[in-house]
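> Just to be clear, the model below is a prediction. Sequence and coordinates:
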2 protein chains.
Amino acid sequence: MNKYQQIAYEIEQHIHEHNLAQGTKLDSLDTLTKRYNVSRSTISKALDTLEKRGAIFQQRGSGIFVRRQRREGYMSLLVTSGFSANFQDSNIRYDVLNVEKTVADEDVANNLHIEAGAPVYLVERLVYMDEEKLCKEVSYFPVQVVPYLNKEIAEQSIFHYLETAYKINISFADVYLVIDQLNEAEADMLDLPLLSPGLYMEQVVYLATGIPFDYSKVVYHYKHAKFFLQSVNN
Amino acid sequence: MNKYQQIAYEIEQHIHEHNLAQGTKLDSLDTLTKRYNVSRSTISKALDTLEKRGAIFQQRGSGIFVRRQRREGYMSLLVTSGFSANFQDSNIRYDVLNVEKTVADEDVANNLHIEAGAPVYLVERLVYMDEEKLCKEVSYFPVQVVPYLNKEIAEQSIFHYLETAYKINISFADVYLVIDQLNEAEADMLDLPLLSPGLYMEQVVYLATGIPFDYSKVVYHYKHAKFFLQSVNN
């Protein structure tokens, strides 16, 4: 963890522990700079991180204020670190249906910026949240970036594993959402009637170098798919 | 428009006009600082704006790179400036069903941080994109912040009107998404069979001062609701 990340974490903990309300004014940039004994730019970076994460808002000339997510049980669309990181208060369990080394078809190759036919790991999982079916996930990882995966690894957070084992720096993601009716296989898998609503999410996750390392296609159970995001206008 | 916003706009135009590919390296912070003859912090702010918007990514010690949205026809979940701003290549038309001054119920009051019973404008609209039904929208604006609205105003972008007429500074938004089956009224309104999938979005939009000025509940037609967002890990 970098210094600015550590400071961001501490400020967030402070908000959480004191249960500060939306709009509560926080200490100024100058005060924080003195307290942490770091440069103004480090504090600025910590504050920008918190703003992006929706934990604070900064109002020029007037101060820094608490921003609260006001509904429980919604999954952040801006957290790219996977299910486990997103649902820290829930029990996430992965039922691994398949892990195999295969080759990229046109669609996978296009999304991972690799050649069709290049080797990839395919992982299929059913994800449970507090023992309820949350979603079915199919993920592709290019072997070039992720040289090895197995069932045991896929039973935990793959992202966490990659960050730890390969020091992969998960940096940003493109997320696409559409809504449609479940086909028979999907309905079966999620224990829902045919033609039930489904939320389909495709996600391409990138390293800090701009190289994609994960392309996932996820179908969410409509009764358990609740998302939020906090956007900042520019 | 502030200086940093102007610079962000020009860099984005440059990417667009030259049709620069994902991963193309842009000029360095130093070069940009000299070219625009402004402070490093102004350039930093412009670049952070572009990063939040998903137009670039910054890789410490290595440079600034183009980030491209790679699919057409998807609506950004991070653009809080309304339908018209989001679909600049499409024709957005509002069919205004109702505009009235009424009072906030519990739910509206809670989301707008006002007292139940306080006066609000209620606007109901059917939104068409290229003459197809995109969504049905119900919005509440507190009279305290938005003193006047009428049918004529609601036939255009209300956000654009508020920014122009009241100099309102739209700053950030909380967005909540759930999926469910359409009830009879919703299905009728969207010309879909009963129990078709629907995407339900609730949005609270805030001024730079942290005061909410719009609470909207939107039901999207599932065939035309395609969303994307680009997230940055912290």
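Thanks, I have the structure now.
> alpha carbons only for contacts and neighbour counts from here, please
Noted.
> Which helix or strand lies directly C-terminal to the helix or strand of chain A with the lowest mean pLDDT?
Lowest on mean pLDDT, DSSP states H and E among the helices and strands of chain A sits helix A:83-86, with a mean of 65. Going down the chain from helix A:83-86, the next helix or strand is strand A:92-103, by DSSP states H and E.
> Test for you: state the pLDDT assigned to residue A:12.
You'll see residue A:12 listed with a pLDDT of 89.
> likewise the one 4 residues further on?
Each residue has a pLDDT score; the one for residue A:16 is 84.
> Same check on residue A:47?
Reported pLDDT for residue A:47: 90.
> Okay, it and residue A:227: tell me how far apart.
24 Å (Cα to Cα, to the nearest Å).
> who has more neighbours, those two?
Using other Cα atoms under 10 Å in any protein chain shown as the criterion, residue A:47 and residue A:227 rank with residue A:47 on top: 23 against 17.
> What are the phi and psi values at the nearest residue to residue A:126 once chain neighbours are set aside?
Distances taken as Cα to Cα, 6 or more residues apart in numbering or on different chains put residue A:136 closest to residue A:126, at 4.5 Å, once the chain neighbours are dropped. Backbone torsions of residue A:136, given as degrees, to the nearest 10, read phi -110, psi 130.
> Quick check: residue A:136 vs chain B, distance?
From residue A:136 across to chain B, the span is 16 Å (Cα to the nearest Cα, to the nearest Å).
> Correct me if wrong: that residue contacts residue A:218.
Yes - using Cα atoms under 8 Å, residue A:136 is in contact with residue A:218, at 5.6 Å.
> hmm, back to that, okay, and the beta partners of the residue nearest to residue A:126?
residue A:126, residue A:219 (DSSP bridges).
> What are the buried residues along the top helix by length along chain A?
Across chain A, the longest stretch assigned as helix under DSSP state H is helix A:3-17. By 16 or more other Cα atoms under 10 Å in any protein chain shown, the buried positions in helix A:3-17 come out as A:4, A:5, A:7, A:8, A:9, A:11, A:15.
> Return the distance of it from the chain's centre.
19 Å (Cα atoms, centre = their mean, to the nearest Å).
> Going by neighbour count, list what's buried in stretch A:191-204.
For stretch A:191-204, by 16+ other Cα under 10 Å, it's A:192, A:195, A:196, A:197, A:198, A:199, A:200, A:201, A:202, A:203, A:204.
> With distance to residue B:40, pLDDT and secondary structure added, can I get the residues you listed in JSON lines?
Output for the buried residues of stretch A:191-204, formatted as JSON lines (distance: Cα to Cα, whole Å; pLDDT from 0 to 100; DSSP: H, G, I helix; E, B strand; the rest coil):
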{"residue": "A:192", "distance to residue B:40": "55", "pLDDT": "97", "secondary structure": "coil"}
{"residue": "A:195", "distance to residue B:40": "55", "pLDDT": "93", "secondary structure": "coil"}
{"residue": "A:196", "distance to residue B:40": "53", "pLDDT": "96", "secondary structure": "coil"}
{"residue": "A:197", "distance to residue B:40": "49", "pLDDT": "96", "secondary structure": "strand"}
{"residue": "A:198", "distance to residue B:40": "47", "pLDDT": "96", "secondary structure": "strand"}
{"residue": "A:199", "distance to residue B:40": "43", "pLDDT": "95", "secondary structure": "strand"}
{"residue": "A:200", "distance to residue B:40": "42", "pLDDT": "95", "secondary structure": "strand"}
{"residue": "A:201", "distance to residue B:40": "38", "pLDDT": "94", "secondary structure": "strand"}
{"residue": "A:202", "distance to residue B:40": "37", "pLDDT": "94", "secondary structure": "strand"}
{"residue": "A:203", "distance to residue B:40": "34", "pLDDT": "93", "secondary structure": "strand"}
{"residue": "A:204", "distance to residue B:40": "32", "pLDDT": "93", "secondary structure": "strand"}
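> out of the residues you listed, who's near chain B?
Subset of the buried residues of stretch A:191-204 in contact with chain B: A:196, A:197, A:198, A:199, counting by Cα under 8 Å from any Cα of the partner chain.
> Neighbours of residue A:19, how many?
Using other Cα under 10 Å, residue A:19 is surrounded by 10 other residues.
> Residue A:145 versus that one, what's the distance?
41 Å.
> which residues touch the nearest residue to residue A:135 once chain neighbours are set aside?
With sequence-adjacent residues excluded and distances taken as Cα to Cα, 6+ apart, residue A:135 is closest to residue A:220, at 4.2 Å. Residue A:220 makes contacts with A:134, A:135, A:136, A:198, A:199, A:200, A:201, as judged by Cα atoms under 8 Å, 6 or more residues apart in numbering or on different chains.
> Next: residue A:182.
Residue A:182 sits in contact with A:194, A:195, A:196, A:197, A:198, where contact means Cα under 8 Å, 6+ apart.
> so what's the third one up against?
Shown in contact with residue A:196 (Cα under 8 Å, 6+ apart): A:181, A:182, A:187, B:181, B:196, B:197.
> follow-up on the earlier one: out of the ones next to chain B among the buried residues of stretch A:191-204, the closest to chain B would be?
Set against chain B, the nearest of these by Cα to the nearest Cα is residue A:197 (4.6 Å).
> ok, the closest one to residue A:55 distance?
Relative to residue A:55, and taking Cα to Cα, residue A:197 is found at 32 Å.
> got the buried residues for whichever strand or helix holds residue A:31?
For residue A:31, the host element (DSSP H and E) is helix A:29-36. Residues of helix A:29-36 classed as buried: A:29, A:32, A:33 (neighbour count, 16+ other Cα under 10 Å).
> From the rest of the structure, what touches that helix?
Helix A:29-36 is contacted from outside by A:7, A:39, A:40, A:43, A:44, using Cα under 8 Å, 6+ apart.
> Try it again at 10 Å.
With contact meaning Cα atoms under 10 Å, 6 or more residues apart in numbering or on different chains, helix A:29-36 is reached by A:3, A:7, A:11, A:26-27, A:37-44, A:47, A:63-64.
> gap between that helix and the chain center?
30 Å.
> Repeat that for stretch A:48-60.
18 Å.
> likewise stretch A:107-115?
The chain centre lies 21 Å from the centre of stretch A:107-115; the measure is Cα atoms, centre = their mean.
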